[in-house]
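K.L.:
Sequence unavailable; structure follows:
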């Protein structure tokens, strides 16, 4: 097997592992909290937007962002982290099967 084929095989294997891990996040039986992931991604977009706005401001140009778009990211972030926090500290209800 040539070096090029070995590299391609390794890259394909790595991509398949990454794809499987990404798909596993959204399955019902996992250790990931999807609300926290969405909240973090929304927060990351807000931070990136702030840095881009700062950069364009330093260059003397204004970055036009519609207020409702930014507000939507704020609400998604607060909602995701709020729900995740409530789920973490709220007592779990027992169903009839668990009693």
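P.N.:
That came in fine, so what should we check first? Just so you know, these numbers come straight off a predicted model, no measurement behind them. Numbering: from 1, shown residues only.
K.L.:
Show me the helices in this protein, by range?
P.N.:
3-25, 34-58, 67-89 (DSSP state H).
K.L.:
quick one: the first one to helix 34-58, angle?
P.N.:
This means helix 3-25. 110 degrees (axes from the mean of the first three to the mean of the last three Cα atoms, to 10 degrees).
K.L.:
Compare the helices of the chain and say which comes out lowest on pLDDT.
P.N.:
Note on these: lowest mean pLDDT is at helix 3-25, with a mean of 82.
K.L.:
Dump the helices of the chain to JSON lines, plus mean neighbour count.
P.N.:
Any C-beta I mention is one placed from the backbone N, CA and C, and that applies to glycine too. JSON lines is the format used below for the helices of the chain (neighbours: other Cβ atoms under 10 Å):
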{"stretch": "helix 3-25", "mean neighbour count": "10"}
{"stretch": "helix 34-58", "mean neighbour count": "14"}
{"stretch": "helix 67-89", "mean neighbour count": "13"}
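K.L.:
ok, the residue lying closest to residue 39 once chain neighbours are set aside - contacts?
P.N.:
Once flanking residues are discounted, residue 39 sits nearest to residue 80: 3.0 Å by Cβ to Cβ, 6 or more residues apart in numbering. Contacts for residue 80 (Cβ atoms under 8 Å, 6 or more residues apart in numbering) come out as 35, 36, 38, 39, 42.
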